[in-house]
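Visitor: task: produce atomic coordinates for the following.
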Amino acid sequence: MLVAVQPNQQRRGLGRQVLQALLLRAQELDCSTASLEVAASNQAAINLYEALGFINCGQRSGYYRNGEDALLKCLDLKQIQVRTDNRPE
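Guide: Residues are numbered from 1 along each chain as shown. Just a heads-up that it's a prediction; the model follows:
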């Protein structure tokens, strides 16, 4: 699944809200882990994922068409409390 926020809508917390909703739904379905790929240069996305508890679990060299590497991020859904509000952490 590809989840993205239009560039002109970024920095409004929409990506965080969508990701939290997806993680909550995954927990409701008794999923145990979540994983994703993120471009190694996408620091804004990396910061969001890490703020939600994702950790590094690998790398895919040359994953993107432009040759950039993807960082693999994983989250243990059994060990987290998904926040469903917009309050700062």
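
Visitor: phi, psi for the spatially most central residue of the chain please.
Guide: Closest to where the C-alpha atoms of the chain average out (C-alpha atoms, centre = their mean) is Tyr49, at 4.2 Å. Dihedral pair for Tyr49: phi -60, psi -40, per degrees, to the nearest 10.

Visitor: I'd say it and Ala39 touch.
Guide: No. Using C-beta atoms under 8 Å, Tyr49 is not in contact with Ala39, being 11.7 Å away. Glycine gets a C-beta too; all of them are placed from N, C-alpha and C.

Visitor: which parts of the top helix by length along the chain are buried?
Guide: As assigned by DSSP state H, the longest helix anywhere in the chain is helix 14-28. For helix 14-28, the neighbour count (16 or more other C-beta atoms under 10 Å) marks 15-16, 19-20, 23, 26-27 as buried.

Visitor: return the member of these nearest to Ala44.
Guide: Minimum distance to Ala44 across the buried residues of helix 14-28 is 8.7 Å, recorded for Gly15 (C-beta to C-beta).

Visitor: any idea how far Ile80 is from Cys74?
Guide: Separation of Cys74 from Ile80 (C-beta to C-beta, to the nearest Å): 12 Å.

Visitor: report the rounded mean pLDDT for stretch 59-73.
Guide: Throughout stretch 59-73, pLDDT has a mean value of 97.

Visitor: please compute how far that stretch lies from its chain's middle.
Guide: Distance, stretch centre to chain centre, for stretch 59-73: 15 Å (C-alpha atoms, centre = their mean, to the nearest Å).

Visitor: check which residues of it are buried.
Guide: 63, 70-73.

Visitor: which of those residues fall in strands?
Guide: Residues of those located in strands (DSSP state E): 70-73.

Visitor: which pair of those residues spans the longest distance?
Guide: Ala70 and Lys73 (9.5 Å).

Visitor: common neighbours of those two, please.
Guide: Counting by C-beta atoms under 8 Å, 6 or more residues apart in numbering, the shared contacts of Ala70 and Lys73 are 37-38.

Visitor: can you report how many residues lie near the nearest residue to Leu19 once chain neighbours are set aside?
Guide: With C-beta to C-beta, 6 or more residues apart in numbering as the criterion, Leu19 has its nearest non-adjacent residue at 6.5 Å, and that residue is Leu52. Residues near Leu52, counting by other C-beta atoms under 10 Å, number 18.
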